[in-house]
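missing the sequence, but the structure's below:
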């Protein structure tokens, strides 16, 4: 059975094993990345800029990922953080999203933003936060995933009873850009950065029998492991963390606000989240995040087991993009290497 035929049948809503599908969809994408991957130094690079100016920040972050940006392709899917209608840092700042869209528009002809809000109706959250208006101005296709009855693909997960469903709009893209916030998580996740942001890419209910995947996730003692397992279903091209503000305690909707005035980019989710946890430790954070070595946090440890990113702190290289970021990069590196 050819790739094109399999793709069409899945668009009708079938939920089948996705291994063959991913091989078909991503074959050309992976081949186009070979040269970029070959130029990496076998480290996960994380670029940090000190700024309160999101236009400047996004410009410099995109410049630091020039090879990735040049190979985005025509169809780009964006996963932002619109879990609720609460303002930044609970949700992606509208200026961050707009500056990302402006840059992507220079390279791609079709941009999709798909989301499932866990603490609200997604369409209403889009309206509340100005996303609907912004998408209209940039000709972005908005997909509120809580209304989608088809296009779901089933993936296996060791700690999921019956796997989980991810939407085809992400898997059919040439590239995926994720943008996340700097937050702790008071409901079992411990922190919500790039790995946790992927929860909004999967279904709450199974369209075939109304099974509640999110009830399973949030009631499980394996919640943090299950979060990491969602990420095995896809690979982002790069992730942008808006850490101009953040929650050092509380989250995901409200919390104790800190102001690092940083923006961060990486193609590696493990490295990104390890740096984010280290940054939260710089400011003082929850007992769960202060405890133990950073790479032993359950989300990170499971992601490492699954081969999703840097295996240890020696594989993470943090590069400041301006002089203002140098001191905080030193502090982050110190926290990353703490042995507790």
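Looks like it came in fine. This is a predicted model, so every value here is computed, not measured. Numbering: from 1, shown residues only.

Is residue 134 part of a helix or strand, or is it coil?
Under the three-state scheme (DSSP: H, G, I helix; E, B strand; the rest coil), residue 134 adopts helix.

contacting residues for it?
94, 97-98, 101, 140 (CB atoms under 8 Å, 6 or more residues apart in numbering). All C-beta atoms are positioned from the backbone trio N, CA, C, and that covers glycine.

Surely residue 153 is in a helix?
No: counting by three-state DSSP, residue 153 falls outside a helix, being strand.

count of residues packed around residue 85?
Counted with other CB atoms under 10 Å, the neighbours of residue 85 add up to 18.

My understanding was that it contacts residue 129; is that so?
Yes: using CB atoms under 8 Å, residue 85 is in contact with residue 129, at 6.3 Å.

Need the overlap of contacts for these two.
residue 91.

which residues does residue 75 contact?
108-110, 112, 172-175.

Just the buried subset of those residues, written out for ChimeraX, thanks.
This is how ChimeraX selects the buried members of these, with burial counted by 16 or more other CB atoms under 10 Å:
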select :108,112,172,173,174,175
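
Identify the farthest-apart pair in the contacts of residue 75.
109 and 172 (14.5 Å; CB to CB).

three-state assignment of residue 264?
Relying on three-state DSSP, one would call residue 264 strand.

So what sits opposite it in the bridge?
Residue 264 has these beta-bridge partners by DSSP bridges: residue 48, residue 241.

all helices of the stretch 51-200 of the chain, in order?
For the stretch 51-200 of the chain, the helices defined by DSSP state H, counting those that start in this stretch occupy 54-64, 66-70, 94-105, 122-129, 131-137, 168-171, 194-197.

So for residue 317, which of those helices sits nearest?
Using CB to CB, those put helix 54-64 closest to residue 317, at 12.1 Å.

tell me the mean pLDDT for that closest one?
Averaging pLDDT along helix 54-64 yields 98.

Stretch 331-340 now?
96.

now the strands for the stretch 101-250 of the chain?
According to DSSP state E, counting those that start in this stretch, the stretch 101-250 of the chain carries its strands in the segments 110-115, 140-144, 152-155, 164-167, 175-185, 190-192, 238-250.

Put together CSV for those strands, with mean pLDDT on each row.
Below are these laid out as CSV (pLDDT from 0 to 100):
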stretch, mean pLDDT
strand 110-115, 98
strand 140-144, 98
strand 152-155, 97
strand 164-167, 98
strand 175-185, 98
strand 190-192, 97
strand 238-250, 98
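
could I get these as CSV with distance to residue 297?
CSV is the format used below for the strands of the stretch 101-250 of the chain (distance: least, CB to CB, whole Å):
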stretch, distance to residue 297
strand 110-115, 25
strand 140-144, 31
strand 152-155, 23
strand 164-167, 21
strand 175-185, 12
strand 190-192, 7
strand 238-250, 16
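
among those strands, which is nearest residue 124?
strand 140-144 (9.1 Å).

Name the strands paired with the closest one and say parallel or antiparallel.
strand 110-115 (parallel).

Which among the strands of the stretch 101-250 of the chain is found nearest to residue 284?
strand 238-250 (6.3 Å).

helix or strand right after the closest one?
Remark: after strand 238-250, the chain's next helix or strand is strand 255-258, criterion DSSP states H and E.
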